[in-house]
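Asker: only geometry, no sequence info:
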């Protein structure tokens, strides 16, 4: 196993940041979990917030746009709802159907990307592609990420909160947060599946012996290491290493006549497939007849919602090259990954050419292979109709104060289905006892599922090594496990304004149940909501609190406990596809009026230019009847330059004069306070179910040299989700927008 602790800092100049961050939330990595995180944050913060997704590749959508469809892209559909299920319904609507599992969960890659792009557009989330994080800058205490720089543009971004949604944990590494790749020894967490282990019969196992020795006396290409026979599993479990499970292309193949013929790669070397030749010969000499072989003996192909299929591994030898193409990927730069991707291109095209044209391959296999073509409508941006990334099954894993291990999976799975996990030996939990972050933010449903890590020789005979399969029957029986918020959070010794979606804090074994797209989307919703709540409360995510975060998630249909799952069998969660939601309205133009969602309260405020004129006025009220909110500005003391003045509190329905008491800002004071006897109705903050808002205090900070003023209102009773009523107005040239954490406001420029 390799531990990482890198830190890049651009110097003190980065420590000077504007009073209002350029961006509220930056999500790095447009994986499905990243898109969902951005949508969750944007919906929570409202239409005046700024949320941006940054993706280093030209495509977005992670593995759903890189070809993957199988049971992991749907899984136990009773275990999740919320934004993960909304994505599935959006996919169904893209195919113009209201009930089709294939459309919901097994859509074509280019459709998945289109749906995710459209979703970001509708939500008002900014998207930047083709930019990779170059460096992350921390404050002097190394407790906060104050900015990131991108390449190749050199652009810098300052944000309040960051979310790493890459499969590889790139932003975490850039910020100096400890990460790991590879496999721990069984002694680290007392995990029965840790260390090294041979693949068992039934999956990725050679059913007939293959000699691993080349004619030169060395090992065949692709064989990594040699061990005496018999294999010593006790000794193997004590070995740790930097290897991770193998990647492969989830490519799109079709038998349609308009497909792209598979061409022989320029680098084709038939010797690279000597293992396949020997395996076929060994099967010929055994009880198994080679005539029973098919292309399915070398790779799987799962059907899309069309006349296409998605390639995957599974057989003992086939589509997944095992070696440095995979092992080097997590720590590589985007440019280096592009080179590694080309290795996957050459290997995969060479494999298909070999299966279709080499005379040592059975005729029926050749014939079946020659029926296949590449899908002409997938990956057309110079990718040779092959996925823009391989299936990154595992990258860096954050190493935080809390680490999810095999034991944590056992405990949580057993809690949902008592006794189902009794066969899994008790190990050591990596979660701190009594941690305030050890509460559920969603459910996982996948099992401990690790594909082969390498091909090795045992007594000169070829073996696949690294496979782990535990929990599939339990998953089929509806066992789920709770996802602890703690594993999304960085260690307390590092920057606190960043959360992980894919590279969660875990051991190699503990990571395996996380690594499916619906679970990443569930985590994405939790991360996006937590980042938004942190901004709203002006705290870091770890300080939000269980009650507020869980309430916000449940309000938005996240399932956080087994008791929240549907009790009746639901064979098809796509049987009731919901109609599309109304896209949020764009921000109002200068001179326009647009009110937020607070129905029965109005608040006007204005700022002064210093000459008695009013720079801008804002009204808090209802979109349903904004005219009611446009009460005349009452007579006030002359506005002072450099100060904000809060004026007039009244329900929109009754715009009557109110008693006002002014306390002006003196030289030694930092704020001005307005008190009023007016009691807003209980529904004044209705969207968040607040019932106690009978005391409202409005304050205005003195403006900075950039002429920024902030106002906030505190209610006597905190709302249950924890939205503090904080408003921000920016008077800098070219700005003049009014934003709200938890509330939207009407804005009028005069």
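Answerer: Arrived safely, thanks for sending. Bear in mind that the values here come from a model prediction, so they are computed numbers and not experimental data. Numbers count the residues shown, from 1 in each chain.

Asker: going forward, measure contacts and count neighbours with C-alpha atoms only.
Answerer: Will do.

Asker: show me what counts as buried in stretch 417-437.
Answerer: The neighbour-count check on stretch 417-437 (16 or more other CA atoms under 10 Å) flags 417, 420, 421, 424, 426, 427, 429, 430, 431, 437 as buried.

Asker: which single one of those is nearest to residue 158?
Answerer: Of all those, residue 437 has the smallest distance to residue 158: 26.5 Å, by CA to CA.

Asker: pretty sure the closest one sits against residue 486.
Answerer: Yes. Counting by CA atoms under 8 Å, residue 437 does reach residue 486; the two are 4.7 Å apart.

Asker: what's the burial count for residue 266?
Answerer: Residue 266 has 9 neighbouring residues, counting by other CA atoms under 10 Å.

Asker: and if you look at residue 384?
Answerer: 16.

Asker: next: the one 5 residues further on.
Answerer: One way to gauge burial is a neighbour count; for residue 389, by other CA under 10 Å, it gives 26.

Asker: what of residue 164?
Answerer: By other CA under 10 Å, the residues close to residue 164 number 29.

Asker: next, residue 443: phi, psi?
Answerer: Main-chain torsions, residue 443, degrees, to the nearest 10: phi -110, psi 140.

Asker: give the contact list for it.
Answerer: Residues near residue 443 by CA atoms under 8 Å, 6 or more residues apart in numbering: 79, 80, 480, 481, 482, 483, 519, 522, 559, 560, 561, 562.

Asker: pretty sure the fourth one sits against residue 444.
Answerer: Spelled out, it's residue 481. Yes. With contacts counted by CA under 8 Å, residue 481 reaches residue 444, the gap being 5.2 Å.

Asker: which of the buried residues of stretch 417-437 sits closest to residue 340?
Answerer: Relative to residue 340, the closest of the buried residues of stretch 417-437 is residue 430; by CA to CA it sits at 33.4 Å.

Asker: tell me the pLDDT at that closest one?
Answerer: pLDDT, residue 430: 98.

Asker: per-residue pLDDT, residue 68?
Answerer: With respect to pLDDT, residue 68 scores 93.

Asker: correct me if wrong: it contacts residue 250.
Answerer: Yes. At 5.5 Å, residue 68 counts as touching residue 250 under the criterion of CA under 8 Å.

Asker: overlap in contacts of those two?
Answerer: Shared contacts of residue 68 and residue 250, defined by CA under 8 Å, 6+ apart, comprise 310, 391.

Asker: which regions of the chain lie under the pLDDT threshold?
Answerer: 1-21, 98-100, 287-291, 568-750 (pLDDT under 70).

Asker: what about the longest helix in it?
Answerer: helix 334-357 (DSSP state H).

Asker: give me the next element, helix or strand, following it.
Answerer: Note on helix 334-357: by DSSP states H and E, the next helix or strand toward the C-terminus is helix 363-370.

Asker: next, the buried residues of that next one.
Answerer: 363, 364, 365, 366, 369, 370.

Asker: helices or strands next to it in the packing?
Answerer: Judged by 3 or more CA pairs under 8 Å, 6 or more residues apart in numbering; DSSP states H and E, helix 363-370 is in contact with helix 334-357.

Asker: list the buried residues for the helix it packs on?
Answerer: By 16+ other CA under 10 Å, the buried positions in helix 334-357 come out as 334, 337, 340-341, 344-357.

Asker: repeat that for stretch 468-484.
Answerer: So, applying 16+ other CA under 10 Å, buried residues of stretch 468-484: 468, 470, 471, 474, 475, 478, 479, 480, 481, 482, 483, 484.

Asker: ok, the third one touching residue 424?
Answerer: To tie it back to what came earlier, the one meant is residue 471. No. With contact defined as CA under 8 Å, residue 471 does not reach residue 424; the gap is 9.3 Å.

Asker: list the residues that contact both of these two?
Answerer: The contact sets of residue 471 and residue 424 do not overlap (CA under 8 Å, 6+ apart).

Asker: so what touches stretch 206-224?
Answerer: Applying CA under 8 Å, 6+ apart, the external contacts of stretch 206-224 come out as 201, 272, 274-275, 278-279, 282-283, 286, 316-317, 321-323, 454-457, 460-464.

Asker: just those: which are in strands?
Answerer: Members of these lying in strands (criterion: DSSP state E): 454, 455, 456, 457, 461, 462, 463, 464.

Asker: buried ones among the residues you listed?
Answerer: Among these, those classed as buried by 16+ other CA under 10 Å are 454, 455, 456, 457, 461, 462, 463, 464.

Asker: farthest-separated two in the residues you listed?
Answerer: Longest distance between any two of those is 13.7 Å, between 454 and 461; criterion CA to CA.

Asker: can you give me the helices in the stretch 301-450 of the chain?
Answerer: Taking DSSP state H, counting those that start in this stretch to define them, one finds helices in the stretch 301-450 of the chain at 324-327, 334-357, 363-370, 406-416.

Asker: from what I see, residue 514 and residue 450 are in contact.
Answerer: No. Here residue 514 does not reach residue 450: they are 11.2 Å apart, not a contact under CA under 8 Å.

Asker: between these two, which one's more packed in?
Answerer: More crowded of residue 514 and residue 450, by other CA under 10 Å: residue 514, with 26 against 22.

Asker: that one: what's it in contact with?
Answerer: By CA under 8 Å, 6+ apart, the residues touching residue 514 are 444, 446, 502, 520.

Asker: could you find the closest non-adjacent residue to the last one?
Answerer: Sequence neighbours aside, residue 33 is the residue nearest to residue 520 in space, at 4.8 Å (criterion: CA to CA, 6 or more residues apart in numbering).

Asker: give me the phi and psi for the residue nearest to residue 195 when sequence neighbours are not counted.
Answerer: Excluding the flanking residues, the one nearest residue 195 by CA to CA, 6+ apart is residue 237, at 4.1 Å. Per-residue torsions, residue 237: phi -70, psi -20 (degrees, to the nearest 10).

Asker: okay, now residue 237: neighbour count?
Answerer: By other CA under 10 Å, the residues close to residue 237 number 19.

Asker: how far out from the middle of the chain is the longest helix of the chain?
Answerer: 27 Å (CA atoms, centre = their mean, to the nearest Å).

Asker: check which helices and strands it is in contact with.
Answerer: Short answer (3+ CA pairs under 8 Å, 6+ apart): helix 334-357 packs on helix 324-327, helix 363-370.

Asker: make it 7 Å
Answerer: The contact analysis (3 or more CA pairs under 7 Å, 6 or more residues apart in numbering; DSSP states H and E) places helix 334-357 against helix 363-370.

Asker: angle of the helix it packs on against helix 334-357?
Answerer: Relative orientation of helix 363-370 and helix 334-357, computed by axes from the mean of the first three to the mean of the last three CA atoms, to 10 degrees: 130 degrees.
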